[in-house]
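Enquirer: Sequence and computational prediction follow.
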Number of protein chains: 2
Amino acid sequence: MLTASEENYLKAIFHLAGKSKRPVSTNALASALQTKPASATDMIQRLSKKGLVSYHKYKGVTPTSGGNKLALQVIRKHRLWEVFLVQKLRFNWDEVHEVAEQLEHVESEQLIEQLDKFLGYPKYDPHGDPIPGADGSMAPLPSTTLAMLQPGDKCRVICARDSSSDFLLFLDKLHISLGAAIEVLDKFEYDGSFSIRVDEALPITLSSKAAENIYVEKT
Amino acid sequence: MLTASEENYLKAIFHLAGKSKRPVSTNALASALQTKPASATDMIQRLSKKGLVSYHKYKGVTPTSGGNKLALQVIRKHRLWEVFLVQKLRFNWDEVHEVAEQLEHVESEQLIEQLDKFLGYPKYDPHGDPIPGADGSMAPLPSTTLAMLQPGDKCRVICARDSSSDFLLFLDKLHISLGAAIEVLDKFEYDGSFSIRVDEALPITLSSKAAENIYVEKT
DNA sequence: TTTTATTTTTAGTCTTATCTAATTTTATTA
DNA sequence: TAATAAAATTAGATAAGACTAAAAATAAAA
């Protein structure tokens, strides 16, 4: 098993490498983790010895397929905990990161599978980032906004495009929370506003501006 | 703040001292934590320097009032997580300890207060141990069994007296889960059995033997 | 293509938390 | 009370993970 520190480095390397898998420089890694280049070199060599990253001195580091898999599992845990914190414990979308950063290192297969089930197998975290499955697969980035839907369509709220605290507060007032089930009842061509039903409640009206800022997945 | 290891030692000292607050021997502490006496001595001295335990060489160790408070906060977190795992993630009562042992060290005031709220401010964990409040106060040990109630009484399930897997499986079959709201409808003097309603469902019958093995708190 | 600047690595130190082996203190027993 | 056993402590070592300072490699500039 990996230590929390090893997991953090692995995750950072994964993120910095991006899908292009270009090598990550020691300095970039150190600054991403708020540490010193010498510490990064140390850890890179440790991860390399474990076969989780491919490393050539002075040339940067990339995850191996094994390292990739492990990084995705950590990201999966992080994002599931974020969903839990926002949906169940009513954290704000910008308060979850630090806590999820700790929770992601708790080690228990059963815990994470049951949590996933408890949350209803969410595909996106509160920031709209896709949650890797147990097998490492990920949904595409969200692309559908509420404004794109037609009367009769049903959907689930993924995240806000503009996650300013103003907008989040506005959504909260309307009881539009992450994961909420929304039904589009009507669309008024006059001003582009919508009549929608949130979680079986009474219909409300939503401006086109607001609708364009809510990412959803059709259901 | 304390490291996970410091919290574990503090918790163990607290438990071993019991409410009589008699000094804990180095050997007892080491064996409780599955470590060596030399390691325990080390940590005792570290905790002593921080003012969390009172220590006299060769004479054992006791928590100070400050150490007591911190130990209770860790125990609070541990037990709240146990409730979460059993009630929300459907863990069995004997599977929660290891995971709670990790979760208890996650550091976030907000997390634990929101979790407490989310769980409905439970007073007991799945083993029937009282959960310390944010101020360190604790409810008395459970003493009321379902069998002691009269028709018309309402209560909430705390834990099983006999937590054999047979009995827990039996409770699961009847949909009697931890925290379930039970209403006593009738008591049959002939064999001491009860007619009860669990969580607003249809009435079921429960033998006196079973009723005596379920600890409850009246509501 | 040298020189200079930047990046990366190495070497050596520190802290936490553990260990073994040796020593010291306390407890027990003859 | 002296000898022995048990418990506790100290000393010294190790590993993870961080640091600083110095050295080496690479990149950029003259």
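Expert: Happy to help now that I have it.
Enquirer: To what extent is the residue lying closest to residue A:77 once chain neighbours are set aside buried, counted in neighbours?
Expert: Nearest non-adjacent residue to residue A:77, counting by C-beta to C-beta, 6 or more residues apart in numbering or on different chains: residue A:104, 4.3 Å away. C-beta: built from backbone N, CA, C; applies to glycine. Residues near residue A:104, counting by other C-beta atoms under 10 Å in any protein chain shown, number 22.
Enquirer: residue contacts, residue A:104?
Expert: A:7, A:74, A:77-78, A:81 (C-beta atoms under 8 Å, 6 or more residues apart in numbering or on different chains).
Enquirer: Repeat that for residue A:172.
Expert: Residue A:172 neighbours (C-beta under 8 Å, 6+ apart): none.
Enquirer: Return the backbone torsion pair for it.
Expert: With angles defined as degrees, to the nearest 10, residue A:172 sits at phi -60, psi -40.
Enquirer: what do you get for residue A:188?
Expert: Dihedral angles of residue A:188 (phi, psi; degrees, to the nearest 10) stand at phi -100, psi 110.
Enquirer: State the distance from it to DNA strand D.
Expert: 55 Å (C-beta to the nearest atom of the strand, to the nearest Å).
Enquirer: try residue A:72
Expert: 20 Å.
Enquirer: same thing with residue A:160?
Expert: With C-beta to the nearest atom of the strand as the criterion, residue A:160 and DNA strand D are 33 Å apart.
Enquirer: Residue A:27 too?
Expert: Taken as C-beta to the nearest atom of the strand, the span from residue A:27 to DNA strand D is 12 Å.
Enquirer: That residue touches residue A:35, doesn't it?
Expert: No: with contact defined as C-beta atoms under 8 Å, residue A:27 and residue A:35 do not form a contacting pair (10.8 Å).
Enquirer: These two: who's more crowded?
Expert: Applying other C-beta under 10 Å to residue A:27 and residue A:35 shows that residue A:35 carries more neighbours, namely 17 against 12.
Enquirer: For that one, grab phi and psi.
Expert: According to degrees, to the nearest 10, residue A:35 has phi -140, psi -170.
Enquirer: distance of the residue nearest to residue A:77 from DNA strand D?
Expert: 15 Å.
Enquirer: Just the pLDDT for that residue.
Expert: Residue A:104 carries a pLDDT score of 98 in this model.
Enquirer: sorry, back to before: would you mind putting the contacts of residue A:104 into TSV with distance to DNA strand D alongside?
Expert: Listed next are the contacts of residue A:104 as TSV, based on distance: C-beta to the nearest atom of the strand, whole Å:
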residue	distance to DNA strand D
A:7	9
A:74	14
A:77	17
A:78	17
A:81	21
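Enquirer: Make TSV from these and add secondary structure, distance to residue B:181 and pLDDT to it.
Expert: Converted to TSV, the contacts of residue A:104 look like this (DSSP: H, G, I helix; E, B strand; the rest coil; distance: C-beta to C-beta, whole Å; pLDDT from 0 to 100):
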residue	secondary structure	distance to residue B:181	pLDDT
A:7	helix	41	98
A:74	helix	39	98
A:77	helix	33	98
A:78	helix	35	98
A:81	helix	29	98
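Enquirer: now, which of these sits nearest residue A:126?
Expert: residue A:81 (10.6 Å; C-beta to C-beta).
Enquirer: So residue A:154 is in contact with residue A:185, correct?
Expert: No: applying C-beta under 8 Å as the test, residue A:154 and residue A:185 come out as separate, 10.5 Å apart.
Enquirer: does the residue sitting furthest away from the middle of chain A sit in a helix or strand, and which one?
Expert: Computed with C-alpha atoms, centre = their mean, the residue of chain A farthest from its C-alpha average is residue A:190, at 35.7 Å. Using DSSP states H and E, residue A:190 sits within no helix or strand.
Enquirer: neighbours of residue A:191, just the number please.
Expert: Counted with other C-beta under 10 Å, residue A:191 comes out at 9.
Enquirer: With residue A:69 instead?
Expert: When neighbours are counted by other C-beta under 10 Å, residue A:69 comes out with 14.
Enquirer: host element of it?
Expert: helix A:65-83.
Enquirer: from the chain's centre, how far out does that helix sit?
Expert: Computed by C-alpha atoms, centre = their mean, to the nearest Å, the chain-centroid distance of helix A:65-83 equals 10 Å.
Enquirer: packing partners for that helix?
Expert: For helix A:65-83, the packing partners by 3 or more C-beta pairs under 8 Å, 6 or more residues apart in numbering or on different chains; DSSP states H and E come out as helix A:4-17, helix A:97-103, helix A:109-118.
Enquirer: And chain A, what are its domain boundaries?
Expert: Domain ranges of chain A: A:4-63, A:146-218, per automatic domain parsing.
Enquirer: Residue B:54 is nearest to which of these?
Expert: domain A:4-63 (32.2 Å).
Enquirer: Endpoint to endpoint, that closest one covers what distance?
Expert: 17 Å (C-alpha to C-alpha, to the nearest Å).
Enquirer: Looking at the helices and strands packed on helix A:65-83, which is nearest to DNA strand C?
Expert: Nearest to DNA strand C, of all the helices and strands packed on helix A:65-83, is helix A:4-17, at 11.3 Å by C-beta to the nearest atom of the strand.
Enquirer: got the CA positions of the lowest-mean-pLDDT helix or strand in chain A in PDB?
Expert: Sorting the helices and strands of chain A by mean pLDDT, DSSP states H and E puts helix A:165-173 at the bottom, at a mean of 91. This file holds the C-alpha atoms of helix A:165-173, laid out as PDB (Å, rounded to 0.1, in the frame of the first residue of the first chain):
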ATOM      1  CA  SER A 165     -20.700  32.500  -4.400                       C
ATOM      2  CA  ASP A 166     -23.400  34.800  -5.600                       C
ATOM      3  CA  PHE A 167     -24.600  32.300  -8.100                       C
ATOM      4  CA  LEU A 168     -24.400  29.400  -5.600                       C
ATOM      5  CA  LEU A 169     -26.300  31.400  -3.000                       C
ATOM      6  CA  PHE A 170     -28.900  32.100  -5.700                       C
ATOM      7  CA  LEU A 171     -29.300  28.300  -6.500                       C
ATOM      8  CA  ASP A 172     -29.500  27.600  -2.800                       C
ATOM      9  CA  LYS A 173     -32.400  30.000  -2.500                       C
END
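Enquirer: Please consider this matter closed, and thank you.
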